[in-house]
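**Student:** Build me a model from this:
(one chain, ligands or ions: 1)
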Amino acid sequence: MVKLESSCDKYPRVLERILSDADVEHFKHLFAELTEKEWLQREAQAKAAGTQAPPRRLTYFSLMKRLQSTPRDERLVAILEKICKRVDSVFGPGFVIAQDFWSWRAPDAVAAERVHMDADFWMTGATDGFNLWFLLDHKDMAHSFDIYTKEENPELYKSVQLPHRPTSLIPLQGMKNPGSSPCFLYWEPLRFWPVLFEGSSALARDFGMVFSILSTWWLQKALVCARAAHRRLPFSVFRVLMALTGWLGNLALLPRGIELRTRKFPMSVGDALVVRQDELHVSDQDRLEDGQFRLAVGLKFMNQHHKVWKYPFLGPAGKSRRQYPALRLPWGRSLKDVYRQHGLDMSTYPESWLRGLFASFSFRQA
Ligand SMILES: [Fe+2]
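**Tutor:** The predicted structure is shown next:
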């Protein structure tokens, strides 16, 4: 019997009007100051150089940095306190903010291209984590992104083997909508060795980077090989091959014939979508019209009752976290409540040539 239940199954879908109009205006002001300005500068520089600007992807930890600046942003402190109080009353005690991120969707900007679960949740082994994703502004997009709900996709989640595997869906052919093509299930790697990143030794961190690069290279190659095998082999042979060797690349085949259903939850500005830890999600797959956009800010909540025992190391959130000594993860201990602290040193690790190499290395779908 496949176990499908998780601790987050009964969480509400949307918390209505958790932010006041003034709260929303403050977040929009912070977005313009902390993130949009940088994006616009980057895009102007790329235009001047005749190159393509990097895409506007999810941006992490800018609120964390803002909280540590002097004079303190008391308005932001008060808003986060209000949110945490609401979280206490709805979800129970012990939850702390583990990450913040900006989410921007427009015709030329997709925050998260891959159908995924957030791997960071699984570093404690529990399944009671959630994101609150606050809608701040939009044009004709009064809804969430796409969620593969458990209740509408029971066959999918039987294959995913919940509750202890953070999973992504990768289409077998190109970047087609996974709902219309066969998929790989890809399990985000959780390892013990990224603890190397969390010590104070520069040498250990450099070793951590080398392992990350090798591991990422291997997983990319495995995906390329699996796709090539799919193109060249009869499907029956390919299926047997995947069953025998897919685990080497954290890959398996999603059985054919499973219909994938997504849902967008209607939202108003100031509402918070509750993203459950073990539900797959992705930026809206729809083609947007010129002028359509949506701005949101996200907070990841995890419970301090659990201990950190495995580290995700891929993905933009982990990479951002590893820039700052103040955000080292507490191996074998509870997550720190860093969003309620002030005066943390948010300077980055000293530069090394290996770090530069690592920064330029990203896990891209082949
Ligand atoms: Fe996500």
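**Student:** CA only for contacts and neighbour counts going forward, please
**Tutor:** Noted.
**Student:** Val195 contacts Trp331, correct?
**Tutor:** Yes. With the criterion set as Cα atoms under 8 Å, Val195 and Trp331 qualify as a contacting pair; they are 7.1 Å apart.
**Student:** got a list of what Ile97 touches?
**Tutor:** Each residue near Ile97 by Cα atoms under 8 Å, 6 or more residues apart in numbering is listed here: 299-302, 337-339.
**Student:** What average pLDDT does the strand or helix carrying it get?
**Tutor:** Here Ile97 is covered by strand 95-105, with elements defined by DSSP states H and E. Averaged across strand 95-105, pLDDT comes to 95.
**Student:** Tell me which helix or strand comes right after that strand.
**Tutor:** Past strand 95-105, further along toward the C-terminus, the next helix or strand under DSSP H and E is strand 115-116.
**Student:** ok, how many other residues are close to Asp337?
**Tutor:** The burial count assigned to Asp337 is 14, neighbours taken as other Cα atoms under 10 Å.
**Student:** quick one: it from Pro171, how far?
**Tutor:** Between Asp337 and Pro171 the computed distance is 38 Å (Cα to Cα, to the nearest Å).
**Student:** is it true that Pro189 touches Pro312?
**Tutor:** Yes. Counting by Cα under 8 Å, Pro312 is a contact partner of Pro189 at 6.3 Å.
**Student:** And the two? Which one has more around it.
**Tutor:** Between Pro189 and Pro312, Pro312 has the larger neighbour count (other Cα under 10 Å), namely 22 against 19.
**Student:** helix, strand or coil for Trp122?
**Tutor:** helix (DSSP: H, G, I helix; E, B strand; the rest coil).
**Student:** Contacts only, for it.
**Tutor:** Contacts for Trp122 (Cα under 8 Å, 6+ apart) come out as 164-166, 190, 310, 312.
**Student:** Kindly indicate the member of these with the most neighbours.
**Tutor:** For the contacts of Trp122, neighbours were counted by other Cα under 10 Å; the highest total belongs to Pro166, with 25 neighbours.
**Student:** got the contact list for that residue?
**Tutor:** In this structure, Pro166 makes contact with 116-119, 122, 187-188, 278, judged by Cα under 8 Å, 6+ apart.
**Student:** Now whichever strand or helix holds Asp137: average pLDDT?
**Tutor:** Using DSSP H and E, Asp137 sits in strand 130-139. For strand 130-139, mean pLDDT is 98.
**Student:** what's it in contact with?
**Tutor:** Under the contact criterion Cα under 8 Å, 6+ apart, strand 130-139 has outside partners 8, 24, 27-28, 267-277, 291-302.
**Student:** Likewise for stretch 308-318?
**Tutor:** Stretch 308-318 is contacted by residues 58, 60, 99, 119-120, 122-125, 188-195, 212, 216, 319, 329-335, 363 when judged by Cα under 8 Å, 6+ apart.
**Student:** Mind doing that once more with 6 Å?
**Tutor:** 120, 123-124, 190-192, 331-333 (Cα atoms under 6 Å, 6 or more residues apart in numbering).
**Student:** now, which of these sits nearest Glu259?
**Tutor:** Out of the contacts of stretch 308-318, the one with the shortest distance to Glu259 is Asp120. That distance is 27.5 Å, counting by Cα to Cα.
**Student:** the strands in this protein, which residues?
**Tutor:** Secondary structure of the chain by DSSP state E: the strands cover 14-15, 59-60, 95-105, 115-116, 130-139, 146-148, 167-171, 183-187, 190-191, 251-253, 272-276, 280-282, 293-303, 311-312.
**Student:** I'd like those as a markdown table, with distance to Leu203 appended.
**Tutor:** Compiled in a markdown table, the strands of the chain are given as follows (distance: least, Cα to Cα, whole Å):
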| stretch | distance to Leu203 |
| --- | --- |
| strand 14-15 | 45 |
| strand 59-60 | 26 |
| strand 95-105 | 27 |
| strand 115-116 | 32 |
| strand 130-139 | 34 |
| strand 146-148 | 41 |
| strand 167-171 | 31 |
| strand 183-187 | 29 |
| strand 190-191 | 19 |
| strand 251-253 | 32 |
| strand 272-276 | 37 |
| strand 280-282 | 37 |
| strand 293-303 | 30 |
| strand 311-312 | 19 |
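**Student:** so which of those comes closest to Pro154?
**Tutor:** Comparison of the strands of the chain against Pro154 by Cα to Cα identifies strand 146-148 as nearest, at 10.0 Å.
**Student:** Tell me the helices and strands packed up against the closest one.
**Tutor:** Applying 3 or more Cα pairs under 6 Å, 6 or more residues apart in numbering; DSSP states H and E, we find strand 146-148 packed against strand 280-282.
**Student:** If we use 10 Å, what do you get?
**Tutor:** Contact analysis of strand 146-148 by 3 or more Cα pairs under 10 Å, 6 or more residues apart in numbering; DSSP states H and E lists strand 115-116, helix 154-160, strand 280-282 as its packing neighbours.
**Student:** For Pro325, which of the ones you listed is the nearest?
**Tutor:** strand 115-116 (27.4 Å).
**Student:** tell me how far the closest one is from the chain's mean position?
**Tutor:** 9 Å (Cα atoms, centre = their mean, to the nearest Å).
**Student:** packing partners for that strand?
**Tutor:** The contact analysis (3+ Cα pairs under 10 Å, 6+ apart) places strand 115-116 against strand 146-148, strand 167-171, strand 183-187, strand 280-282.
**Student:** Now with 6 Å, please.
**Tutor:** Packing contacts for strand 115-116, counted by 3+ Cα pairs under 6 Å, 6+ apart, involve strand 167-171, strand 280-282.
**Student:** This completes my enquiry, with thanks.
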